[in-house]
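In: turn this into a structure:
(2 chains)
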2 protein chains.
Amino acid sequence: MSLPKSENASTLENAMQLMIQTFHKYSGNEGDKYTLSRSELKEMLTTELGTYLGNAQDKEAVDKVMGDLDSNNDGEVDFTEFIILIGALTVACNDFFQEYNDKQEKKNP
Amino acid sequence: MSLPKSENASTLENAMQLMIQTFHKYSGNEGDKYTLSRSELKEMLTTELGTYLGNAQDKEAVDKVMGDLDSNNDGEVDFTEFIILIGALTVACNDFFQEYNDKQEKKNP
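Out: All right, here's what the predicted structure looks like:
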């Protein structure tokens, strides 16, 4: 899927576009082109989120993420389910950075 | 707030980092540095999401977004509330692009 180019996109609009592009990069490989199958999800997790989800190579870990995300139990992850995962991970990262920042400020006030 | 640099971040990790950076760019201006006040929210909406939320200049529109987002009614938007807004907007954009793509494919099969 190609997105219309936006010349003057803001930082936040760029972030939104990157999430949409990433999803479709994997969802288009097999089956329904607008959802992630189990093997597309696994490829996305290992390629894009290796840092966060270290052991996603592991079949059990992929099954667990799929089970948690696939709220309508159709064996596919749609875009809304994908955004819920990314949102939850981003909130977790932000908590981590805020704590890190608070500690740094206590050290060097 | 400065984030630790990640040299080999994936596209998706970059998108996550851009969302965190954007939030803190505005939240740090006044009051609680980890939440958006009404005026910080307004600045963020007009600067970052002008394309999507055309009339956010309008005080009523900012009040409406604040009212919808500020689920705990403290007059501030925290990072989780911000991510819910961005997630909802991204899902809406993705719906739009999928429909656009389907129409293009019908035209040029």
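
In: tell me which stretches of chain A form helices.
Out: Per DSSP state H, chain A carries helices over the ranges A:11-27, A:38-48, A:59-69, A:79-107.

In: list the buried residues for the third one?
Out: Judged by neighbour count (16 or more other CB atoms under 10 Å in any protein chain shown), helix A:59-69 contains these buried residues: A:61-62, A:65-66, A:69. Placement of C-beta: from N, CA and C, glycine included.

In: the closest residue to residue A:86 other than its chain neighbours: neighbour count?
Out: Leaving aside its sequence neighbours, residue A:86 sits nearest to residue A:19 (CB to CB, 6 or more residues apart in numbering or on different chains; 6.1 Å). The criterion is other CB atoms under 10 Å in any protein chain shown. On that basis, residue A:19 has 28 neighbouring residues.

In: give me the residue at the spatial middle of chain A.
Out: Centroid-nearest residue in chain A: residue A:86, 3.9 Å away (criterion: CA atoms, centre = their mean).

In: can you give me the pLDDT of that residue?
Out: At residue A:86, the model reports a pLDDT of 94.

In: quick one: contacts for it?
Out: Going by CB atoms under 8 Å, 6 or more residues apart in numbering or on different chains, residue A:86 touches A:19, B:12, B:15-16, B:87.

In: and which of these is nearest to residue A:101?
Out: residue B:16 (16.6 Å; CB to CB).

In: separation between that closest one and residue A:37?
Out: Distance of residue B:16 to residue A:37, computed by CB to CB, to the nearest Å: 23 Å.

In: looking at the two, which is more packed in?
Out: In this view residue B:16 and residue A:37 are compared by other CB under 10 Å, and residue B:16 has more residues nearby, 27 against 18.

In: before we move on, the earlier item: out of the helices of chain A, deepest packed?
Out: helix A:11-27 (a mean of 21; mean count of other CB atoms under 10 Å in any protein chain shown).

In: which helices and strands sit right next to it?
Out: Here helix A:11-27 touches helix A:38-48, helix A:79-107, helix B:11-27, helix B:38-48, helix B:79-107, going by 3 or more CB pairs under 8 Å, 6 or more residues apart in numbering or on different chains; DSSP states H and E.

In: report the distance from the last one to the chain centre.
Out: Offset of helix B:79-107 from its chain centre (CA atoms, centre = their mean, to the nearest Å): 13 Å.

In: next: stretch A:41-48.
Out: 9 Å.

In: kindly export it (C-alpha atoms) in CSV.
Out: Taking Å, rounded to 0.1, in the frame of the first residue of the first chain, the C-alpha atoms of stretch A:41-48 are listed here in CSV:
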residue,chain,number,x,y,z
LEU,A,41,3.0,-10.9,13.5
LYS,A,42,6.1,-13.0,14.4
GLU,A,43,8.1,-11.3,11.6
MET,A,44,7.0,-7.9,12.7
LEU,A,45,7.8,-8.5,16.4
THR,A,46,11.3,-9.9,15.7
THR,A,47,12.2,-7.3,13.1
GLU,A,48,10.7,-4.2,14.6
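
In: returning to that earlier point: let me see the contact set for the residue nearest to residue A:86.
Out: A:83, A:86, B:12, B:15, B:90.

In: quickly name whichever of those residues is closest to residue B:41.
Out: Nearest to residue B:41 among the contacts of residue A:19 is residue B:90, at 18.1 Å by CB to CB.

In: hang on, that closest one packs against residue A:22?
Out: No. Taking contacts as CB atoms under 8 Å, residue B:90 lies outside contact range of residue A:22: 11.2 Å.
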